[in-house]
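**Student:** What follows is a predicted structure for the sequence shown.
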Amino acid sequence: MAIRILVGVKRAIDYAVKVQVKTDKSGVVTEGVKHSMNPFDEIAVEEAIRLKEKKVAQEVIALSCGPAQCQETLRTALALGADRAIHVEVTGKDYEMLQPLAISKLIAAVAKKENVDLVLLGKLAIDDDSNQTGQMVAGLLSWPQAVFASKVDIKDKTAEVMREIDGGSETLRVKLPAVITSDLRLNQPRFANLPSIQKAKKKPMAKMSPKDLGVDIKPHQEYLSYEEPPKRQGGGRVANVDELISKLKEKGLI
Amino acid sequence: MWSQTIRRLSTSALTRVRHPKLRRSTHYATLTDKDVSFFERLLSSGRTITNPDECLPFNIDYIKSCQGQSQLVLRPKTVDEVQAILRYCNEHQLAVCPQSGNTGLSGGSVPVFDEIILSLRLLNSIGNFDENSGVLTTDAGCVLEKLDTHVRQYGHIMPIDLGAKGSCLIGGNVATNAGGLRVVRFGSLRSAVLGLEVVLPDGSLLDCLTSIRKDNTGIDLKQPFIGSEGILGIVTRVALACPSLMSGVGLGFFACSSFEQILSTMRLARKICGETLSAIEFLDESTYNLSLKYLQRTNKPIESNKFYILIETMSSTDEQAKATLEKLATTALEKEFVTDGTLAQDLTQYKDIWAIRERVSDALVADGYVFKYDFSLPTSRMYKLVEETEERMKQFSNVGNVTGFGHLGDQNLHLNVTVKDGYSDDIKQALEPWLYEWVAKEHGSVSAEHGLGLHKSKYLELNKGKHSLELMKQMKHMFDPKCILNPYKVLPYKID
């Protein structure tokens, strides 16, 4: 029986943009800055589409939580091959304070509602680098998890996942339903081709609110300040090996 | 390790060996120790290079088609130093090859024989940007990309963009009236140059460095220097009008089965994208494949076909830029002008797709020796030339690829032939003058944007006629009576 997959996509500041911290240290500048789908989510979407192409999956649902602009990100997911999209609308101050735990609750609620067999997420989002959502979704649903996936094979309601770990890699076998998060080497995402981009415009996009899902998105953490990392100090030039040695001695390094 | 680098660099034969008919003029003095001492005193601390290994990179051009034998590289830091150098060379009849970023593609940026190389690279202070007028006044030795980053802070961009932007210097861009990718939107560089400061061959300074947009007072003396390729004077400072930065950008990349479909798509783009259109480029199959191979892309953006067209839009908002592009994509697909395509979904895809077009020159150099041609032709005839060249090259087993690509919106074809085992005289004879005569018959240009440099100076008369050539020579004589600046290039060289 072909499975049904829920893929989470996040609208984050584009990877190629140079991020600037606001002068009042309350956050980063997002106004007028280019946003796009979190690169790890692109990889997750690509994996879901490949599973559909292999006929392992029959349906791929894309999900995003945030303001109206998330619909652009969802349209991209649809253009890459997802069948339908769900937009959980969270705006204004609520969106600014939206944290991984609240998002995990929303994803878990949708996963239950849609009765999916697999939740595929990016391992982390490049804006906050939290790396928490996938794990917490699994916890909330009491589902097994295989995170940092670099290879996924699904057969007979079981997933064999190769994971990237510090020492190299490890292979897990998990029973579906499960949560898998994508790592960089899982695949190389495709470009959305024109016919798909056209078709995407007609695919269904449902809108709902956290209240509709019975989820309280109240934040549990307060961000005190945002600062840039310390500026890199310039290096110095030395004229010869002797000077190098004396400089190293000066700094107490030898 | 340095000598290994040198050995790798000298994959080019000496120009004087490859062009045996070209003779060093006896009109010029030979460099003496006395001369070298003068320059060493003038330019402090290591800004005179005489070591042959260190001179070598300045002697070879970007596409490795030319190698000179200069024994002296001078690196002035100020306009005064440039003036002093030229004053001395003029007095002592020493030939000078001015060198900017050395990214030129016509062999104009390196010496032919032992001309002294005057590098502008150290004249690199960025200068002033006026936010009210959008005018940048800057030194000639600034890297184009650095200038672009600088003016972006103020919400403006440089008026030109080319693949070599990370290495080329603005002085050279002005001296060659560089074209590039956005001529279709911003016009040629000439229209953006408001003022120039030029050092004339006798060392005197011509100050036309106004940074105002309108100045109809007398004869516009800066005009001849733009595109003069360093034969009339050395540009030391430039005042440029910089267009506003448009934050909304869209990029579409489409595949077509024939050149006619490419043209239909182009006309459709002009109609639908209208004022948002900012670039129209095309590539043929062999260019596309070579580029992907060089970039080591395993992930093809779209289904393969015979031709590819790249359309970029710019507007004040992303929505506007993307809306016109999407409308173009839908219509082009419906009318079956294109067989496949993709729209860049984020900045990374935007850069990746542009790289396929921008890195073509590097991809060609990696494929072998490159015979490089840059023509303006009536758009409908452009690809016919590529097809006929391919036919003509069939007899040579060592030809790698015949590639056609370029600035479709400006009627500018880049035709390149790669040769697998290095330069071949036979292939050169088969290509020239046949190609140039073909282009002249169509009333095109033998060099749309690359200039004449060394390689194309002999075709100037074919393109412009005897009378124009005479007047050009008179002007050259007026500015440079001793003929010391960038000799043997641009104007056809006759042994006096």
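**Tutor:** Okay, I see it.
**Student:** Kindly state the pLDDT recorded for the residue of the stretch 1-150 of chain A found nearest chain B?
**Tutor:** Of all residues in the stretch 1-150 of chain A, A:Ser36 sits closest to chain B, at 3.2 Å by Cβ to the nearest Cβ. (Each C-beta comes from the backbone N, C-alpha and C, glycine too.) Looking at A:Ser36, its pLDDT reads 93.
**Student:** That one - nearest residue in space that isn't next to it in sequence?
**Tutor:** B:Asp346 (3.2 Å; Cβ to Cβ, 6 or more residues apart in numbering or on different chains).
**Student:** Secondary structure class of the residue of the stretch 1-150 of chain A closest to chain B, three-state.
**Tutor:** The local conformation at A:Ser36, judged by DSSP: H, G, I helix; E, B strand; the rest coil, is strand.
**Student:** ok so, going back, which ones are touching the residue nearest to A:Ser36?
**Tutor:** Shown in contact with B:Asp346 (Cβ atoms under 8 Å, 6 or more residues apart in numbering or on different chains): A:14-16, A:34, A:36-37.
**Student:** Weed out the non-buried ones from the residues you listed.
**Tutor:** Burial by neighbour count, 16 or more other Cβ atoms under 10 Å in any protein chain shown: within the contacts of B:Asp346 this picks out A:14, A:34, A:36-37.
**Student:** quick one: which two of those are the most distant?
**Tutor:** A:Lys34 and A:Met37 (11.8 Å; Cβ to Cβ).
**Student:** The closest residue in space to B:Ala241 that isn't next to it in sequence: neighbour count?
**Tutor:** Nearest non-adjacent residue to B:Ala241, counting by Cβ to Cβ, 6+ apart: B:Ala192, 4.9 Å away. By other Cβ atoms under 10 Å in any protein chain shown, the residues close to B:Ala192 number 21.
**Student:** thinking again about what came up before, what are the bridge partners for the residue of the stretch 1-150 of chain A closest to chain B, then?
**Tutor:** Going by DSSP bridges, A:Ser36 is paired in beta bridges with A:Ala12.
**Student:** hang on, isn't it packed against A:Thr73?
**Tutor:** Yes. Counting by Cβ atoms under 8 Å, A:Ser36 does reach A:Thr73; the two are 7.4 Å apart.
**Student:** Now do the shared contacts for those two.
**Tutor:** Counting by Cβ under 8 Å, 6+ apart, the residues touching both A:Ser36 and A:Thr73 are A:Arg11.
**Student:** re earlier: name the nearest of the contacts of B:Asp346 relative to A:Ile3.
**Tutor:** A:Met37 (22.8 Å).
**Student:** need the residues of the stretch 101-250 of chain A near chain B, please.
**Tutor:** The interface of the stretch 101-250 of chain A toward chain B, taken as Cβ under 8 Å from any Cβ of the partner chain, is made up of A:188, A:190-195, A:197-198.
**Student:** can you pull out the helices in the stretch 151-254 of chain A?
**Tutor:** Ranges of helices in the stretch 151-254 of chain A, per DSSP state H, counting those that start in this stretch, are A:194-200, A:241-250.
**Student:** now, of these, which is deepest in the fold?
**Tutor:** Neighbour counts (mean count of other Cβ atoms under 10 Å in any protein chain shown) averaged over each of those peak at helix A:194-200, with a mean of 18.
**Student:** Please work out which residues outside that helix touch it.
**Tutor:** A:75-76, A:78-81, A:192, B:254, B:302, B:326, B:329-330, B:333, B:338, B:340-343.
**Student:** Now list the buried members of the residues you listed.
**Tutor:** Buried, going by 16+ other Cβ under 10 Å: A:75-76, A:78-81, A:192, B:254, B:302, B:326, B:329, B:333, B:338, B:340-343, out of the contacts of helix A:194-200.
**Student:** got the buried residues for the longest helix along chain B?
**Tutor:** The longest helix of chain B (DSSP state H) is helix B:318-334. Buried residues in helix B:318-334, defined by neighbour count with 16+ other Cβ under 10 Å: B:318, B:320-326, B:328-329, B:331-333.
**Student:** And stretch B:45-53, by the same measure?
**Tutor:** The neighbour-count check on stretch B:45-53 (16+ other Cβ under 10 Å) flags B:47-49 as buried.
**Student:** Looking at the stretch 1-150 of chain B, what residue ends up closest to chain A?
**Tutor:** Closest point on the stretch 1-150 of chain B to chain A, by Cβ to the nearest Cβ, is B:Thr149, at 10.4 Å.
**Student:** all strands of the stretch 51-200 of chain A, in order?
**Tutor:** Taking DSSP state E, counting those that start in this stretch, the strands of the stretch 51-200 of chain A run over residues A:57-66, A:84-89, A:118-122, A:145-155, A:158-165, A:168-175, A:178-182.
**Student:** got the angle between the last one and strand A:168-175?
**Tutor:** Angle between the axes of strand A:178-182 and strand A:168-175 is 150 degrees (criterion: axes from the mean of the first three to the mean of the last three Cα atoms, to 10 degrees).
**Student:** can you list contacts of the helix or strand hosting B:Lys476?
**Tutor:** When elements are assigned from DSSP states H and E, B:Lys476 belongs to helix B:466-479. Applying Cβ under 8 Å, 6+ apart, the contact partners of helix B:466-479 are B:200-201, B:224, B:231-233, B:460-461, B:464, B:483, B:491-492.
**Student:** now for the helix or strand that contains B:Met314, which elements pack on it?
**Tutor:** With elements taken from DSSP H and E, the one containing B:Met314 is strand B:307-315. With contacts taken as 3 or more Cβ pairs under 8 Å, 6 or more residues apart in numbering or on different chains; DSSP states H and E, strand B:307-315 sits against strand B:248-256, helix B:259-273, strand B:277-284, helix B:285-295, helix B:318-334, helix B:347-358.
**Student:** on contacts alone, who are the packing partners of the fourth one?
**Tutor:** I take that to be helix B:285-295. Short answer (3+ Cβ pairs under 8 Å, 6+ apart): helix B:285-295 packs on strand B:307-315, helix B:347-358, helix B:360-365, strand B:399-407.
**Student:** Mind putting those into a markdown table with mean pLDDT?
**Tutor:** Shown next, in a markdown table, are the helices and strands packed on helix B:285-295 (pLDDT from 0 to 100):
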| stretch | mean pLDDT |
| --- | --- |
| strand B:307-315 | 96 |
| helix B:347-358 | 92 |
| helix B:360-365 | 92 |
| strand B:399-407 | 95 |
